[in-house]
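1. Any chance you could fold what I've pasted below:
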Amino acid sequence: MRILIYTNNKEQFVEQNQEQLDNLDELYGVKADLYSDIDEIEYCMSVRVYSLIFAEYNEDKVKNFYNIIAEAKRNNIEIFIFGDFSNSFHFNRLRIDYNPNVIEGVFDLTKEVKQRIKTSSNKYISCNIKDKKILVELNNVKTELEFEKTLDFFVMLYFIRNYDNIVCFNSLLSACCSEPEYVRNSSVDSSIASIRKMFQDCFNINPIVSLKKIGYKFSLEVAKWKNTFYSLHYH
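-> Purely as a prediction, here's the structure:
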């Protein structure tokens, strides 16, 4: 998962929220981009895939909000506006035109992100993000998977959070890499190959299905069914 934060004063925001920003990545596996320059935001939105956008309102920069919200709408990204809306003439117009989500009162970054993190409720897997370990229980076998490479773990985490859903490559790259536009595709391919090998060695299944020109799907149920089908028909 990757989020974008637009703030009026980047240095002040970091000073007030440093611990929360650190925890997003270390405890929740969330990448956060923080900018106060509209040009940087427009560039990042053109090369990265975001799940959420948080934007601090500024009456003097309302044009920036129109640009950010319009781009978010075009890309189907959920956007939340926070800040001081008192005595705001332009904000009412903005609200009528785009109807953005509004966070009233104190903005708590960790709370807002945690409420919107995709969590898998499947019965097979549990995650320890802090220690970068995944516990898998399948066919009465319980195994803790450990990851030598951080990228391998975040790829696995993204698959779990999007369990049994189609995952496009660009979304996977953006959720797992700090600067995805500079990462070679082969790095993610290598992580997927490592995850497949883990499951093959531990459970004799391949849970990651490649969908040509679309992306991937991670599902233990499908992998178990394919394994059973193969065993019944070819042995």
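2. Just the strands from this protein, written as ranges.
-> 2-6, 31-35, 52-56, 78-82, 101-103, 125-128, 133-138, 141-146, 166-167, 208-211, 215-218 (DSSP state E).
3. Now do the shortest one: everything it contacts.
-> With CB atoms under 8 Å, 6 or more residues apart in numbering as the contact definition, strand 166-167 has outside contacts at 158-159, 211, 214-218. In short, each C-beta sits where N, CA and C put it, glycine included.
4. Select from these the one having the most neighbours.
-> Counting neighbours by other CB atoms under 10 Å, the top entry in the contacts of strand 166-167 is residue 218, with 26 neighbours.
5. Quick check: beta-bridge partners of that residue?
-> Counting by DSSP bridges, residue 218 is bridged to residue 208.
6. can you tell me how far it sits from residue 3?
-> Counting by CB to CB, to the nearest Å, the gap from residue 218 to residue 3 is 22 Å.
7. got it, and residue 176?
-> 14 Å.
8. Comparing the two, which residue is more hemmed in?
-> For residue 176 versus residue 3, the count of surrounding residues by other CB under 10 Å is larger for residue 176: 26 against 23.
9. Distance-wise, check that one relative to residue 77.
-> 18 Å.
10. all helices for the chain, in order.
-> 10-28, 38-47, 62-74, 89-98, 109-114, 150-161, 169-176, 185-203, 220-234 (DSSP state H).
11. Tell me which of those lies nearest to residue 144.
-> Nearest to residue 144, of all those, is helix 185-203, at 9.8 Å by CB to CB.
12. buried set for the closest one?
-> Using 16 or more other CB atoms under 10 Å as the test for burial, helix 185-203 gives 188, 191-192, 194-196, 198-199, 203.
13. can I get the residues you listed in CSV with distance to residue 165?
-> CSV is the format used below for the buried residues of helix 185-203 (distance: CB to CB, whole Å):
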residue, distance to residue 165
188, 17
191, 18
192, 16
194, 21
195, 16
196, 18
198, 21
199, 18
203, 21
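14. Flag the least confident of those residues.
-> Lowest pLDDT among the buried residues of helix 185-203: residue 203, with 87.
15. quick one on the thing from earlier: include mean pLDDT and distance to residue 184 when you put the strands of the chain into TSV, please.
-> As requested, the strands of the chain are arranged in TSV below (pLDDT from 0 to 100; distance: least, CB to CB, whole Å):
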stretch	mean pLDDT	distance to residue 184
strand 2-6	94	18
strand 31-35	94	18
strand 52-56	92	27
strand 78-82	89	30
strand 101-103	85	36
strand 125-128	88	26
strand 133-138	89	24
strand 141-146	89	24
strand 166-167	92	19
strand 208-211	91	18
strand 215-218	92	17
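16. for those strands, which one ends up most surrounded?
-> The highest average neighbour count among these, using mean count of other CB atoms under 10 Å, belongs to strand 2-6 at a mean of 24.
17. and the closest residue in space to residue 165 that isn't next to it in sequence, what is it in contact with?
-> Closest residue to residue 165 apart from its sequence neighbours, by CB to CB, 6 or more residues apart in numbering: residue 217 at 6.9 Å. Contact analysis of residue 217 by CB under 8 Å, 6+ apart lists 164-167, 208-209, 211.
18. 7 Å instead?
-> 164-167, 209, 211 (CB atoms under 7 Å, 6 or more residues apart in numbering).
19. need those residues in TSV with distance to residue 23, can you?
-> Listed next are the contacts of residue 217 as TSV, based on distance: CB to CB, whole Å:
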residue	distance to residue 23
164	28
165	26
166	30
167	25
209	33
211	34
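20. nearest to residue 58, of those residues?
-> Distances from residue 58 to these, taken by CB to CB, are shortest for residue 167, at 35.3 Å.
21. Pass me the low-pLDDT residue ranges in this structure, would you?
-> Counting by pLDDT under 70, the ranges of the chain that qualify are 87, 119-122, 222-235.
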